[in-house]
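**Student:** Generate coordinates for the sequence data below:
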Amino acid sequence: MDSQVLNIITIAQVIQTAVAPVFLLTAIAALLGVVSNRLNRIVDRARILEKKHRLTQDESLLATLRQERRYLKKRSRLLNWSFTLCVACALLICVVVVMLFYSHIRAINLSLPISSVFIVAMLVLIVGLLCLLREVYLSAMRLSQGLVMIHIDLD
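**Tutor:** Now for the predicted structure:
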């Protein structure tokens, strides 16, 4: 068989090997969308609370608003960590794909570094998912405690 044909076949095999991590990137992108939407809802809620805070003089209501803002801040911190860790995982997956191609082009064995980077990427993703899970638990716990219904005319 012609060496050029063998090179094309080998490159095709490398591309097939790199496809699995690329599918993982798609899943991470979807996860980032979920985290981003949850964070946007918290920001919207915080803006409403801030507006209510400026419009009220009732001390007990102000205390409730401050408590609610602390709770939202805690949730947003968890989501920020989750977002950051998921992006870091995506970047590490990109490094894995680059290393796969580089090891083929240079004909060097990078199986240990590639495996190591992939393992680190999975650990980072696990921590990011745990942050998201914790935020979801906090949100659900707040629902089970009862929502704080505060009515102030915002107009």
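**Student:** Now residue 80. Nearest residue, chain neighbours left out?
**Tutor:** residue 39 (7.2 Å; Cβ to Cβ, 6 or more residues apart in numbering). Backbone N, C-alpha and C define where each C-beta goes, glycine included.
**Student:** ok, that neighbour - contacts?
**Tutor:** Shown in contact with residue 39 (Cβ atoms under 8 Å, 6 or more residues apart in numbering): 76, 79-80, 83.
**Student:** Can you say which helix or strand has it in it?
**Tutor:** helix 3-55 (DSSP states H and E).
**Student:** Now do the helix or strand just after that helix against helix 3-55: the angle between them, please.
**Tutor:** Using DSSP H and E, the helix or strand that directly follows helix 3-55 along the chain is helix 59-106. Helix 59-106 and helix 3-55 are oriented at 170 degrees to each other (axes from the mean of the first three to the mean of the last three Cα atoms, to 10 degrees).
**Student:** pLDDT value on residue 27, please?
**Tutor:** At residue 27, the pLDDT value in this model is 95.
**Student:** Report the distance from stretch 45-54 to the chain centre.
**Tutor:** 26 Å (Cα atoms, centre = their mean, to the nearest Å).
**Student:** Begin at 228, not 1, for the rest of this chat.
**Tutor:** All set: I'll call the first residue 228, so the last point we hit is now stretch 272-281.
**Student:** Would you mark the buried spots in that stretch?
**Tutor:** 272-273, 276, 279-280 (16 or more other Cβ atoms under 10 Å).
**Student:** Could you give the average pLDDT over stretch 367-379?
**Tutor:** 67.
**Student:** Stretch 277-285 too?
**Tutor:** Stretch 277-285 comes out at a mean pLDDT of 85.
**Student:** What of stretch 297-306?
**Tutor:** For stretch 297-306, the per-residue pLDDT averages 96.
**Student:** and the gap between residue 319 and residue 341?
**Tutor:** To residue 341, residue 319 is 11 Å away according to Cβ to Cβ, to the nearest Å.
**Student:** what do those two both touch?
**Tutor:** By Cβ under 8 Å, 6+ apart, no residue touches both residue 319 and residue 341.
**Student:** next one: the helix or strand hosting residue 357 to chain centre, how far?
**Tutor:** If you go by DSSP H and E, residue 357 is part of helix 338-372. Remark: helix 338-372 is offset 8 Å from the chain centroid, using Cα atoms, centre = their mean.
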